[in-house]
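K.L.:
Can you look at this prediction? I've put the sequence above it.
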Amino acid sequence: MSASTPKVLFGFHAVGVRLKTAPQSVIEIYYEPTRRDARMRQFIERAKEAGVRLIEADGLRLSKLAGSHGHQGVAARVEAVVQQRSLDELLDQLEADGVVNPLLLVLDGVTDPHNLGACLRVADGAGAHAVIAPKDHAVGINATVAKVASGAAETVPYFMVTNLARTLTELKERNIWVIGTSGDADKTLYQVDLKGPVALVLGAEGPGMRQLTRKTCDELVGIPMQGAVESLNVSVASAVCLYEALRQRGG
């Protein structure tokens, strides 16, 4: 645990995953006593088993604490869990563990916390080993991200790097194939081999990837669009790409 300012998690998934993965980091849990359904009763039971301090709070207090009305009657003050590894250390560890085909998701310019939360949830579901974003064109992990991610913000390593193009170049030096997504690519996602070491790069809706990011990619692919809309939401596009990789890998 770090000695940094405690942060707030809210919603059953986000708080529940923290209780499961790092109960010692949970300072206290606030809950709405008027909610007495089975889900709340099970949650309170788990919190008691973990020995966490429980505090009754009305909906207004929970909304103020969470900064959102979507708290589901649950919020927690938690210590930030220090991410033990840098991206290099993570990749070295994967190699040491015999993972020869890492799967990475790179997000260039995703600044909406709802989108990032959904991308992390998809990355967790598809078994991606990490999500990477630039420090200057991205959103960090906040309470909204954690809520939307439904616990994945606690399980998927999220690395914010100073220079994304340089990081992509370093991935290429590790023989990780860097594949960018673009609406004007000649190939589609379904025409490339995603079974090897791969970093899938997606840009924000509208502007897409930045020019330097695009130039750094080994290859560009497109997601086939059959209807009138020109692009998918970045979290949906991430799901399409990551699950195609999972399908090709026999998952």
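P.N.:
Perfect, thanks for sending it.

K.L.:
Give me the local confidence score for the residue nearest to the spatial centre of the chain.
P.N.:
The residue lying closest to the centre of the chain (Cα atoms, centre = their mean) is L120, at 2.1 Å. If you check L120, the pLDDT there is 94.

K.L.:
So, low pLDDT: which residues of the stretch 51-200 of the chain?
P.N.:
Applying pLDDT under 70 to the stretch 51-200 of the chain flags the ranges 81-84.

K.L.:
mind listing the strands for it?
P.N.:
53-56, 74-78, 103-108, 130-134, 158-161, 177-181, 187-188, 198-203 (DSSP state E, counting those that start in this stretch).

K.L.:
so which of the ones you listed gets nearest L212?
P.N.:
strand 103-108 (9.5 Å; Cβ to Cβ). For glycine as for every other residue, the C-beta is placed from the backbone atoms N, C-alpha and C.

K.L.:
what's the angle from that closest one to strand 198-203?
P.N.:
Between strand 103-108 and strand 198-203, the angle comes out at 20 degrees (axes from the mean of the first three to the mean of the last three Cα atoms, to 10 degrees).

K.L.:
which helices and strands sit right next to strand 103-108?
P.N.:
Identification of packing neighbours for strand 103-108 by 3 or more Cβ pairs under 8 Å, 6 or more residues apart in numbering; DSSP states H and E yields helix 113-126, strand 130-134, helix 164-173, strand 198-203, helix 234-248.

K.L.:
Keeping just the C-alphas, turn the last one into PDB.
P.N.:
Once side chains and other backbone atoms are set aside, the C-alpha atoms of helix 234-248 remain, and they are given as PDB (Å, rounded to 0.1, in the frame of the first residue of the first chain):
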ATOM      1  CA  VAL A 234     -13.500   2.800 -28.800                       C
ATOM      2  CA  SER A 235     -14.600   0.300 -26.100                       C
ATOM      3  CA  VAL A 236     -16.700  -1.600 -28.600                       C
ATOM      4  CA  ALA A 237     -13.800  -1.500 -31.100                       C
ATOM      5  CA  SER A 238     -11.500  -2.800 -28.400                       C
ATOM      6  CA  ALA A 239     -13.800  -5.700 -27.700                       C
ATOM      7  CA  VAL A 240     -14.000  -6.600 -31.400                       C
ATOM      8  CA  CYS A 241     -10.200  -6.600 -31.700                       C
ATOM      9  CA  LEU A 242      -9.300  -8.300 -28.400                       C
ATOM     10  CA  TYR A 243     -11.900 -11.000 -28.800                       C
ATOM     11  CA  GLU A 244     -10.800 -11.700 -32.400                       C
ATOM     12  CA  ALA A 245      -7.300 -12.200 -31.000                       C
ATOM     13  CA  LEU A 246      -8.800 -14.500 -28.300                       C
ATOM     14  CA  ARG A 247     -10.700 -16.500 -30.900                       C
ATOM     15  CA  GLN A 248      -7.600 -16.900 -33.100                       C
END
